[in-house]
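A.B. asks: Provided below are the primary sequence and the corresponding predicted coordinates.
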Amino acid sequence: MESTGALRPSVLDPTMRFLSRAADHGVLWMVVAALLAMIGGRPRRAAARGLLALAGSSALANGILKPLFPRRRPPARVWLSPKRGVDIPTSSSFPSGHSSSAAAFTAAVAMESPVAGAALAPLAAAVAYSRVHNGVHWPSDVFAGLAVGGAIAAGTRRWWAVRDEEPAELGPECVVPALPRGEGLLVFTNPGSGSEDDGIVESIRELLPEAIVYEFDADIDFDMQIDAKIPELSPKALGVCGGDGTVVTVATAATKHELPLAVFPGGTLNHFARDVGAVNVEETAQAVESGQAAFVDHAVVRTDSGVTARFLNTASLGGYPDAVRLREKWEPRFGKWPAAGAAMMRVLAAAEPMTVTIDGKRTTIWMLFVGNGRYSPADQVPMSRPEMNRGLLDVRYLRADKKFSRSRLLFAAATGTLGSSRVYVRELVSSMSVRVADSPVAIATDGEVVADARRFDFDTEPGAVAVYRITQ
């Protein structure tokens, strides 16, 4: 501290004062979060996690640790040039709230977007150093603040898992037609899926010029259009460019006609495309031309109302479909996890419990989630899918037959203890039967409500779909 105070006035002084003041009350990091949110995707998730960590670190450092550990600020007499300093705060010097906020926000951002985190690290370090340079903190205050902020950022994983961007483990590689220039490929596109990149279809045409691209007519049933086009064109493989609902429709047709499937990420929601590793047009086109593919599990639900629906991602009963709709509505503004948490609380507050029999065991639940393949994490809101190749259903439901179950669920979600809560059940099964005791309820598969029924029989179809993907 003495050596810092003895530094001669320099051009660095105004910059240090500006940084210190800009970071007051976390304003600097809020501005950065707004810029990241405008980018979308991983940077937007990073902004949401960063703000959460920022709020936690500020509350801990300023609201708890400073009152518990009172410490005097550095005395003004250590300064050779009084103009170097800034107004001395009256609060405790230990720990540095600015340093805590800087570390918390930057470390949390880095969890979701390492590139953004690396870009922010020098700024965070400069803010932390500015507190010593300006004479308002001891170096030990800054180091303690950095440690507090880093710990808070790491702690966000406890109730908000970091989504794994690695593709899921698929089934064995399989022999499929190699289609140079896309000859023999029939690609169905859905402009109503809300494409995030209007150039995807054009890229498909450029990379696979011999492929036939057919745009769905929104006024005609998609299944009817597919069933009409396949006999007419006799394709060797099917392709799809759209969101999850469109993908499962074309995938079902591919299974029915024993054709391989090429997935192009063209919709607002592309969970299946992300999980199978079809994240860009170029790699999918390369797999189509080289004939590389792997098997993927399909799941199916049969109802007593006569409806059979296949799904590639998830199916849900009870309040879960409503929570999914709200999450998807709020996700563009707040990010997936904050939107999911808020939607869950909103739905739980108004939900009515369902009396059901699950594989012969009678219970009462708030909602039911069934995933095609194993989802992760096991003890939190599902964020990613590491496996789609073992013929398993990831079943999760929230029990309503325990005293204060709704409050216990909300508390467990808020404290990151969902996995140990007695009102949260998670099982991995190959099949499952669910019977609803009262009136028929809606079931949603891959985000679409497909039927109202009282009995639902879930099964897996291991290796039912051959998906083009670079496998080596």
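C.D. replies: Great, that's in hand. Numbering: from 1, shown residues only.
A.B. asks: Which strand or helix spans the closest residue in space to Pro172 that isn't next to it in sequence?
C.D. replies: With C-beta to C-beta, 6 or more residues apart in numbering as the measure, Phe295 is the residue that lies nearest to Pro172, at 6.0 Å, once sequence neighbours are left out. Every C-beta, even on glycine, is put in place using the N, C-alpha and C of the backbone. For Phe295, the enclosing helix or strand under DSSP states H and E is strand 293-303.
A.B. asks: Can you list the low-confidence ranges for the stretch 351-472 of the chain?
C.D. replies: Low-confidence segments of the stretch 351-472 of the chain (pLDDT under 70): 351, 413-416, 472.
A.B. asks: about what we covered before: tell me which helix or strand comes right after the strand holding Phe295.
C.D. replies: Scanning forward in sequence from strand 293-303 by DSSP H and E, the next helix or strand is strand 308-311.
A.B. asks: Now tell me what touches that next one from outside.
C.D. replies: The list of residues contacting strand 308-311 from outside it, by C-beta atoms under 8 Å, 6 or more residues apart in numbering, reads 248, 251-252, 255, 298-303, 315, 372, 443, 445-446, 450-451, 461.
A.B. asks: Give the buried subset of those as a ChimeraX selection command.
C.D. replies: To isolate the buried members of the contacts of strand 308-311 in ChimeraX, using 16 or more other C-beta atoms under 10 Å:
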select :248,251,252,255,298,299,300,301,302,303,315,372,443,445,446,450,451
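A.B. asks: tell me the helices in the stretch 351-472 of the chain, going along the chain?
C.D. replies: In chain order, the stretch 351-472 of the chain shows helices spanning 405-415, with DSSP state H, counting those that start in this stretch as the criterion.
A.B. asks: Can you give me the buried ones in stretch 399-412?
C.D. replies: Buried residues in stretch 399-412, defined by neighbour count with 16+ other C-beta under 10 Å: 399-400, 405-406, 408-409, 412.
A.B. asks: and what of stretch 100-114?
C.D. replies: Counting neighbours by 16+ other C-beta under 10 Å, one finds that the buried residues in stretch 100-114 are 100-113.
A.B. asks: Pass me the low-pLDDT residue ranges in the stretch 151-300 of the chain, would you?
C.D. replies: 164-165, 192-198, 267-269.
A.B. asks: let's see 90
C.D. replies: Within the stretch 151-300 of the chain, the stretches falling below the threshold (pLDDT under 90) are 154-175, 190-202, 217-221, 223, 242-248, 264-281, 283.
A.B. asks: That one: helices as residue ranges?
C.D. replies: 200-207, 222-233, 244-256, 271-275, 281-290.
A.B. asks: Val27 is nearest to which of those?
C.D. replies: For Val27, the closest of the helices of the stretch 151-300 of the chain is helix 271-275, at 34.4 Å, according to C-beta to C-beta.
A.B. asks: And the contacts of the closest one?
C.D. replies: 165, 167-168, 244, 247-248, 251, 263-265, 279, 312-313, 373, 384-385, 388, 446.
A.B. asks: Kindly write the ChimeraX command that selects the buried subset of the residues you listed.
C.D. replies: Remark: buried members of the contacts of helix 271-275, expressed as a ChimeraX selection using 16+ other C-beta under 10 Å:
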select :167,168,244,247,248,251,263,264,265,279,312,313,373,384,385,388,446
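A.B. asks: What about the contacts of helix 271-275, which are in strands?
C.D. replies: Residues from the contacts of helix 271-275 lying in strands, with DSSP state E as the criterion: 263-265, 384-385.
A.B. asks: In helices only, show me the buried residues of stretch 100-114.
C.D. replies: Within the buried residues of stretch 100-114, membership in helices is found for 100-112, as judged by DSSP state H.
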